[in-house]
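*Asks:* have a look; sequence and predicted model below, questions after that.
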Amino acid sequence: MSCPSVSLIISTYNRPDALDKVLAGVLQQSSAPLEILIADDGSGEETRTRLDSWAHRFNGTLRHVWHPDQGFRKTIILNECVARARGQYLVFLDGDCVPHQRFVEDHRRLAEAGYWVQGRRCFVKERWVKDFEVDRISVAAWILSGRITGAAKALRLPLPIVRLNTAQRGIIGCNQGVWREDLLAINGFDEEYTGWGIGEDSDMGTRLYHLGRPRKFVYAHAVVYHLDHPSPAKDHLPQSLARLQATIESGKIRCEAGLNRHLTSATNP
């Protein structure tokens with residue numbers, strides 16, 4: 001299947017200033033997604049107000065999917081968005097990752113039955129985040145001045161560099177493209193993961209591998225600019241890594257606590 005309909009799912013939690021920059025980037029896309037779903041893990045009223053101010057600029061395609069703040073429950077709100085999504089192909093973006101203007105176009109062209117796509121990210125240093133406007137700065141100049149790091153992942157080239165593999169290295173949730181039917185087959189994200197960092201994204205990718213879906217590991221296309229910030233605590237990391245290792249070793253495809261919890265109640269207005 002070529003050029004599928006795309007639902008863009010953007011996760012966020014209490015970073016409205018960063019989300020503003022991300023939505024500005026989405027508004028500039030060369031190929032607009034079918035819809036944009038904001039997977040909000042319990043942000044406060046300021047985020048809701050900002051999203052209300054953006055809504056009219058997206059002509060009804062922006063939807064705010066929210067649940068109360070009860071700690072890290074990103075997997076749950078992502079599954080809720082997957083359940084509601086109308087696109088054939090789901091592209092995941094974090095609310096602190098500004099997309100290149102051809103980000104959606106690239107993901108749409110990279111989509112291929114039997115595979116999922118893992119894009120990369122470069123990093124805008126925290127000191128310069130407030131000044132970063134992807135349509136007003138020279139990325140090359142920012143790389144040379146040290147404001148953006150990860151140069152190999154910062155520049156979009158005329159052709160993508162694609163490696164097919166089933167490796168664990170480099171699985172990140174902030175830049176992924178997955179067929180919705182494949183997410184249904186693996187039961188989406190495992191909601192047993194709690195805490196920011198490694199775990200839930202790698203688990204999902206691993207179960208896609210077990211389903212027989214290798215990844216397209218992509219450089220030079222589907223570029224995003226991560227707006228750096230202090231890292232939250234990772235006290236949960238040993239438990240998450242142990243859970244991930246169990247998934248790797250078991251060969252399981254479906255998680256128990258996942259997407260099926262949301263399908264019957266989901267609405268697609």
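*Replies:* Nice, thanks for sending it over. Numbering: from 1, shown residues only.
*Asks:* number of nearby residues for the residue nearest to Gly258 when sequence neighbours are not counted?
*Replies:* Among residues not flanking Gly258 along the chain, Asn187 sits closest, at 3.6 Å (Cβ to Cβ, 6 or more residues apart in numbering). Yep, even glycine has a C-beta here, placed from its N, CA and C like the rest. Burial of Asn187 is recorded as 22 neighbouring residues (other Cβ atoms under 10 Å).
*Asks:* now do the contacts for Asn187.
*Replies:* By Cβ atoms under 8 Å, 6 or more residues apart in numbering, the contact set of Asn187 is 254-256, 258-260.
*Asks:* can you show me the helices along the protein?
*Replies:* In the chain, the helices defined using DSSP state H lie at 16-27, 45-55, 74-84, 103-110, 139-144, 180-186, 200-210, 237-250, 260-263.
*Asks:* please identify which of these is closest to His221.
*Replies:* For His221, the closest of the helices of the chain is helix 103-110, at 4.2 Å, according to Cβ to Cβ.
*Asks:* now, which of the contacts of Asn187 sits nearest Gly119?
*Replies:* Relative to Gly119, the closest of those is Leu259; by Cβ to Cβ it sits at 22.3 Å.
*Asks:* how near is that closest one to Ala185?
*Replies:* The gap separating Leu259 from Ala185 is 10 Å, by Cβ to Cβ, to the nearest Å.
*Asks:* of those two, who's got more company?
*Replies:* Set Leu259 next to Ala185 and count neighbours by other Cβ under 10 Å: Leu259 wins out with 25 against 17.
*Asks:* wait, doesn't that one sit right on Ala85?
*Replies:* No: Leu259 is beyond contact range of Ala85, at 10.8 Å (criterion: Cβ atoms under 8 Å).
*Asks:* report all helices and strands that the one helix or strand in the chain whose mean pLDDT sits lowest contacts.
*Replies:* Counting by mean pLDDT, DSSP states H and E, the weakest-scoring helix or strand in the chain turns out to be helix 237-250, with a mean of 93. For helix 237-250, the packing partners by 3 or more Cβ pairs under 8 Å, 6 or more residues apart in numbering; DSSP states H and E come out as helix 200-210.
*Asks:* who's in contact with the helix it packs on?
*Replies:* Contact with helix 200-210 is made by 74-75, 116, 118, 166, 168, 171-173, 176, 178, 182-183, 186, 188-190, 193, 215, 240, 243-244, 247-248, 251-255, as judged by Cβ under 8 Å, 6+ apart.
*Asks:* among these, the buried ones, what's the ChimeraX command?
*Replies:* Restricted to buried positions by 16 or more other Cβ atoms under 10 Å, the ChimeraX selection for the contacts of helix 200-210 reads:
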select :74,75,116,118,171,172,173,176,178,182,183,186,188,189,190,193,215,240,243,244,247,248,252,253,254,255
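*Asks:* end-to-end on stretch 112-131?
*Replies:* Counting by Cα to Cα, to the nearest Å, you get 36 Å between the two ends of stretch 112-131.
*Asks:* can you give me how far it is from the chain middle?
*Replies:* Averaging C-alpha positions (Cα atoms, centre = their mean, to the nearest Å) puts stretch 112-131 9 Å from its chain's average.
*Asks:* now stretch 161-169
*Replies:* Relative to the centre of its chain, stretch 161-169 is centred 17 Å away, using Cα atoms, centre = their mean.
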